[in-house]
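Chemist: Sequence and predicted structure below; questions after.
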Amino acid sequence: MIKTANRIAQVEEYYFSRKLAEVRGLDTPDFRVINLGIGSPDQAPSPGTIEALVTSSRNPANHGYQNYKGIPALRQGIAAFYQRIYGVSIDAESMILPLMGSKEGIMHIAMAFVNEGDEVLIPNPGYPTYSSVASLVGAKLRPYDLREDLDWGIDIEALRKSDLSRVKLMWVNFPHMPTGRTASREELKALVDLAREKQFLIVNDNPYSLILNDNPMSILSIEGADEVALELNSLSKSHNMAGWRIGWVAGNKTYIDAVLKVKSNMDSGMFLGLQHAAVEALKNGEEWFTQLNGMYGERKQAAMRILDTLGCSYSTRQSGLFVWAKAPAAIQDVEKWIDEILYGTKVFITPGFIFGEAGRRYIRISLCCTATMLDEAHNRIGAFVKSRSSKQASIQA
């Protein structure tokens, strides 16, 4: 057999790629699995978005290769979105690069800026792809803790006092996944100031800013951010377009041009019909987001009832598509506990260890299924907990 490249030796298959295959294997027509694991929106995009895709797709001229930078109307739509939502003015021609989902941007940015041996600051807990991509490009991982005693905030002073001389890139993600933590303007300013002082690139991954969040914010609104910051964003979560793979990176022209060098060697442009649909999606108004967040608010309440039944503790102030909660102290092995729940109830909940060592005592529930399904999950888990309690009482007796 041909030996694989050294670069993948430290990279595992994505957890959900493996686990969801196991979960699907438990599914039967008479007793379906309820998946509370992943953040894949279960609702459709706006009608105008779908109609734009259908109309564009019917035009035979729209099926060829496209410009790597996307059509002007899409970049202009993103710029208008940033002005309307975040109060940020960005140049549509030079400061925006559409992507086939923001996840590909994580790899593109790392390839554009990180040399082998450079250090990359990774949030702990945080999105596993940050670590995987850093490993793939030969970087040294520098996890930094989001501290529970700071309400999952960053101890910026502790970072400043550490040796950051070899740091090239810092990943931040506010609103944060998985903890749901939002950052204040003062916190973002402190991070930008630190990046300017220590001369590294800071990238905010920002797909959750419009979900259960009263104060959407872009790091590009911070003074000085244009010198050291990029921002990834996406239509996946806030516009119900996860499978459409439409995102972008925004920031300083010099940095955008560097990312474009990588991207232009990796794909041949985004399908024009998807770009036309994205233009329409970006026009979604306040009513769209009010209805969307009303739905997620109801689901959040249902998710918290599940967590109460499990005896977990959590903050009610979380933003985004998930609820992050601490397992009861009596649970010694959270991963094993989650598997016991899965096999005992056919309800899948994400164990927090996949987000880093700081998440080992935690679990995460997705809000991407109906309130009815969440209530059914609650009923199953309630019966499971009651059954376990009865067995333990019998043993003790």
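Modeler: Received the coordinates, thanks. These numbers come from a predicted model, not from an experiment.

Chemist: Could you point out which residue ranges in the stretch 1-150 of the chain have low pLDDT?
Modeler: Within the stretch 1-150 of the chain, no range satisfies pLDDT under 70.

Chemist: Identify the bridge partners of residue 350.
Modeler: For residue 350, the beta-bridge partners under DSSP bridges are residue 364.

Chemist: tally of neighbours for it?
Modeler: By other CB atoms under 10 Å, 25 other residues sit near residue 350. From N, CA and C alone the C-beta is placed, and that goes for glycine too.

Chemist: That one: what's it in contact with?
Modeler: By CB atoms under 8 Å, 6 or more residues apart in numbering, residue 350 lies in contact with 36-38, 178, 338, 363-366.

Chemist: Helices along the stretch 251-397 of the chain, start to end?
Modeler: 253-263, 272-281, 286-310, 334-345, 371-396 (DSSP state H, counting those that start in this stretch).

Chemist: For my notes, please list these in CSV and give mean neighbour count and mean pLDDT for each entry.
Modeler: What follows is the helices of the stretch 251-397 of the chain, written out as CSV (neighbours: other CB atoms under 10 Å; pLDDT from 0 to 100):
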stretch, mean neighbour count, mean pLDDT
helix 253-263, 17, 98
helix 272-281, 24, 98
helix 286-310, 17, 97
helix 334-345, 17, 95
helix 371-396, 14, 86
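
Chemist: Would you mind giving those helices as TSV with distance to residue 42 added?
Modeler: Listed next are those as TSV, based on distance: least, CB to CB, whole Å:
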stretch	distance to residue 42
helix 253-263	30
helix 272-281	17
helix 286-310	10
helix 334-345	20
helix 371-396	9
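
Chemist: ok, back up a step: just put the contacts of residue 350 in a markdown table and tack on distance to residue 220.
Modeler: What follows is the contacts of residue 350, written out as a markdown table (distance: CB to CB, whole Å):
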| residue | distance to residue 220 |
| --- | --- |
| 36 | 33 |
| 37 | 32 |
| 38 | 28 |
| 178 | 24 |
| 338 | 38 |
| 363 | 33 |
| 364 | 28 |
| 365 | 31 |
| 366 | 28 |
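
Chemist: Now that we have the residues you listed, which of them are buried?
Modeler: 36-38, 178, 338, 363-366 (16 or more other CB atoms under 10 Å).

Chemist: Looking at these, which one is closest to residue 147?
Modeler: Nearest to residue 147 out of the buried ones among the contacts of residue 350 is residue 178 (CB to CB; 14.8 Å).

Chemist: list the contacts for that closest one?
Modeler: 125, 322, 324, 350, 352, 355, 359, 362, 364.

Chemist: Direction included, what does the longest strand seen in the chain pair up with?
Modeler: Looking across the chain with DSSP state E, the single longest strand is strand 140-147. Strand pairing for strand 140-147, using DSSP bridges, gives strand 119-124 (parallel), strand 153-154 (antiparallel).

Chemist: Pull the residues that contact the shortest one.
Modeler: I take that to be strand 153-154. Contacts for strand 153-154 (CB under 8 Å, 6+ apart): 123, 144, 146-147, 172, 181, 183, 187, 191.

Chemist: Strands of the protein, start to end?
Modeler: Going by DSSP E, the chain shows strands at 34-36, 96-99, 119-124, 140-147, 153-154, 167-172, 201-205, 229-234, 247-251, 313-314, 322-326, 347-351, 362-366.

Chemist: In TSV: these, plus distance to residue 70.
Modeler: Listed next are those as TSV, based on distance: least, CB to CB, whole Å:
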stretch	distance to residue 70
strand 34-36	33
strand 96-99	4
strand 119-124	27
strand 140-147	32
strand 153-154	33
strand 167-172	24
strand 201-205	19
strand 229-234	14
strand 247-251	8
strand 313-314	39
strand 322-326	30
strand 347-351	33
strand 362-366	30
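
Chemist: between these, which gets nearest to residue 215?
Modeler: strand 201-205 (14.6 Å).

Chemist: what is the mean pLDDT for that closest one?
Modeler: Summarised as a single mean, pLDDT over strand 201-205 is 98.

Chemist: list the contacts for the residue nearest to the spatial centre of the chain?
Modeler: The centroid of the chain falls nearest to residue 177 when counting by CA atoms, centre = their mean (5.6 Å). Counting by CB under 8 Å, 6+ apart, residue 177 touches 39, 126-127, 208, 320-322.
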